[in-house]
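Peer 1: starting from these lines, generate the structure:
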Amino acid sequence: MISCKRSIRLLAFLTIAAAGLSFVSGCGDDDSAVKPDPVDPPTVTIELVAIIASVSDGNNLLGGNIEVGNHITGTYTYDPTAEDENALATLGDYRHDSSPYGIFLDINGYKFETDLDNVDFLVELTNDHSTPPRDNYLLRSYNNADVLLNLSVDHISWQLDDPNAIKLTSTDLTSEPPVLAGWTSTFGLTITGFQTDDTFRTFSIRAHVSTVSKVE
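Peer 2: So this is what the prediction gives:
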């Protein structure tokens, strides 16, 4: 049988132990504490298909595997809530500097893509800009992953032009892809690159986008 004094000492010990356990479990350094899930960045992804109109590859860097008439498939992803960094009312510059934003293209298994570890991707809208006024829809990826060992991609861009300045009514970035009807494709979708250890050996691909659609 436990004596009265021993019972009192045991009760006191259990009370102190319980209090200490409660203090530890409430410590801010407890790794078991529930943490909120990270919030995904806002994104819009647009699919596109383009048809190659010209290939310049005098040094055969692409091995003859990309030709006129081949299809380009891919996507580009941007932040529809990005802030306009251009102070001009006729120009909207929406620059992206982090993953998952950029442009990602495939031509016969060759990948031409924004470098997601070093993103520098621009969406630019011009409305009634320049003299005479014109509208433009433009994408540019300045930092890109190598397409092959020792073969770098220095620029990927897509430009639509409207010399009549009627396609856009503002430079606001929206969540919808451009409606291709009414735009001209003077420069089109362009990819340029070079041999990494000999920058004078270059290639370029020019295509025209035939379809775009928003990925839901």
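
Peer 1: what residues sit buried inside the longest strand along the chain?
Peer 2: Longest strand of the chain, by residue count under DSSP state E: strand 198-214. The neighbour-count check on strand 198-214 (16 or more other CB atoms under 10 Å) flags 201-203, 205-209, 212 as buried. The way it works is simple: take the backbone N, C-alpha and C, and place the C-beta from them, glycine included.

Peer 1: surely I107 touches E67?
Peer 2: No - using CB atoms under 8 Å, I107 is not in contact with E67; the gap is 9.6 Å.

Peer 1: shared neighbours of these two, anything?
Peer 2: The overlap between the contact sets of I107 and E67 (CB atoms under 8 Å, 6 or more residues apart in numbering) consists of I52.

Peer 1: these two: who's more crowded?
Peer 2: Counted by other CB atoms under 10 Å, I107 and E67 do not tie: I107 has more neighbours, with 23 against 13.

Peer 1: so what pLDDT did that one get?
Peer 2: The score at I107 is 98. That number is its pLDDT.

Peer 1: domain ranges for this structure, per the record?
Peer 2: Under the assignment automatic domain parsing, the domains of the chain span 1-32, 44-214.

Peer 1: most tightly surrounded among those domains?
Peer 2: Neighbour counts (mean count of other CB atoms under 10 Å) averaged over each of the domains of the chain peak at domain 44-214, with a mean of 17.

Peer 1: how long is that domain from one end to the other?
Peer 2: 8 Å (CA to CA, to the nearest Å).

Peer 1: re the thing from before, what pairs with the longest strand of the chain, parallel or antiparallel?
Peer 2: Looking at strand 198-214 with DSSP bridges, its partner strands are strand 44-56 (antiparallel), strand 184-195 (antiparallel).

Peer 1: what sits up against that strand?
Peer 2: With CB under 8 Å, 6+ apart, strand 198-214 has contacts from 44-57, 59, 61-62, 66, 72, 107, 158, 175-178, 180, 185, 187-195.

Peer 1: could you do stretch 138-154 as well?
Peer 2: Outside stretch 138-154, the residues that touch it by CB under 8 Å, 6+ apart are 61, 76, 102-103, 110-116, 118-126, 155-160, 191-197.

Peer 1: what's the mean pLDDT across stretch 179-195?
Peer 2: 97.

Peer 1: oh, and call the first residue 25 from now on, that's how I've got it
Peer 2: Taking 25 as the first residue, the last one we looked at is stretch 203-219.

Peer 1: need the contact partners of it.
Peer 2: Here stretch 203-219 has contacts from 72, 74, 77, 83, 85, 96, 129, 136, 161, 171, 174-187, 190-191, 224-236, using CB under 8 Å, 6+ apart.

Peer 1: mean pLDDT for the domains of the chain: which is lowest?
Peer 2: Among those, domain 25-56 scores lowest, at a mean of 44.
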